[in-house]
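[1] I need the structure of the sequence given here:
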Amino acid sequence: CRYQRLSLSLSLSEKHLVLLRDGRTLIGYLRSIDQFANLVLHQTVERIHVGKKYGDIPRGIFVVRGENVVLLGEIDLEKESDTPLQQVSIEEILEEQRVEQQAKQESEKLKVQALKERGLSVPRADTLDEY
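    Residues are numbered from 1 along each chain as shown. Next up, the predicted model:
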């Protein structure tokens, strides 16, 4: 446990990727972390991926509650630019994300309709996340 704290304190001020429970991806410089995995990120961007494209939305200083952290990893700055993904503008990636989400919703509606036609019930999506 002491070694983990030491290694995390050494990586403070390094660039990190944080995957949140709601699916968002944050990239920023780790400035603080505590025993509950609460994080403070500096110069944070929210990265949105759609297909082989991505866009970064500047978010500044970001405080993340530890219970929302799924993954925390240090970014290798030497390999960061070796991505096969294409960076696009914020407007373009938000539009592509909207189109993708709309297509998913249409697909879900068709699945639910097909199940109802067969006499099967489908649990509501908003009740699946409760524990």
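
[2] From the chain's centre, how far out is the lengthiest helix in the chain? Work that out for me.
    With secondary structure taken from DSSP state H, the chain has its longest helix at helix 90-117. When distances are taken as CA atoms, centre = their mean, to the nearest Å, helix 90-117 is centred 19 Å away from the chain's centroid.

[3] what helices or strands is that helix leaning on?
    When contacts are defined as 3 or more CB pairs under 8 Å, 6 or more residues apart in numbering; DSSP states H and E, helix 90-117 sits against strand 39-50, strand 53-64. Backbone N, C-alpha and C define where each C-beta goes, glycine included.

[4] how about these, which one is nearest A114?
    Relative to A114, the nearest member of these by CB to CB is strand 39-50, separated by 26.5 Å.

[5] can you pull the buried residues of the closest one?
    Across strand 39-50, burial judged by 16 or more other CB atoms under 10 Å covers 39-41, 44-48, 50.

[6] Looking at those, spot the one nearest V64.
    Nearest to V64, judged by CB to CB, of those is L39 at 4.4 Å.

[7] That closest one and V63 touch, don't they?
    Yes. Counting by CB atoms under 8 Å, L39 touches V63, with 7.2 Å between them.

[8] So, low pLDDT: which residues of the chain?
    For the chain, applying pLDDT under 70 flags the ranges 1-13, 124-131.

[9] who's in contact with the residue lying closest to L20 once chain neighbours are set aside?
    Excluding its sequence neighbours, the residue lying closest to L20 (CB to CB, 6 or more residues apart in numbering) is N68, at 5.1 Å. For N68, the contacting residues are 20-22, by CB atoms under 8 Å, 6 or more residues apart in numbering.

[10] I'd like those residues laid out as TSV, including secondary structure and distance to L85.
    Shown next, in TSV, are the contacts of N68 (DSSP: H, G, I helix; E, B strand; the rest coil; distance: CB to CB, whole Å):
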residue	secondary structure	distance to L85
L20	strand	19
R21	coil	23
D22	coil	21
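
[11] Put together TSV for those residues, with neighbour count on each row.
    Formatted as TSV, these follow (neighbours: other CB atoms under 10 Å):
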residue	neighbour count
L20	15
R21	11
D22	8
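
[12] Closest one of those to A114?
    Taking the contacts of N68 together and measuring to A114 by CB to CB, the closest member is D22, at 28.1 Å.
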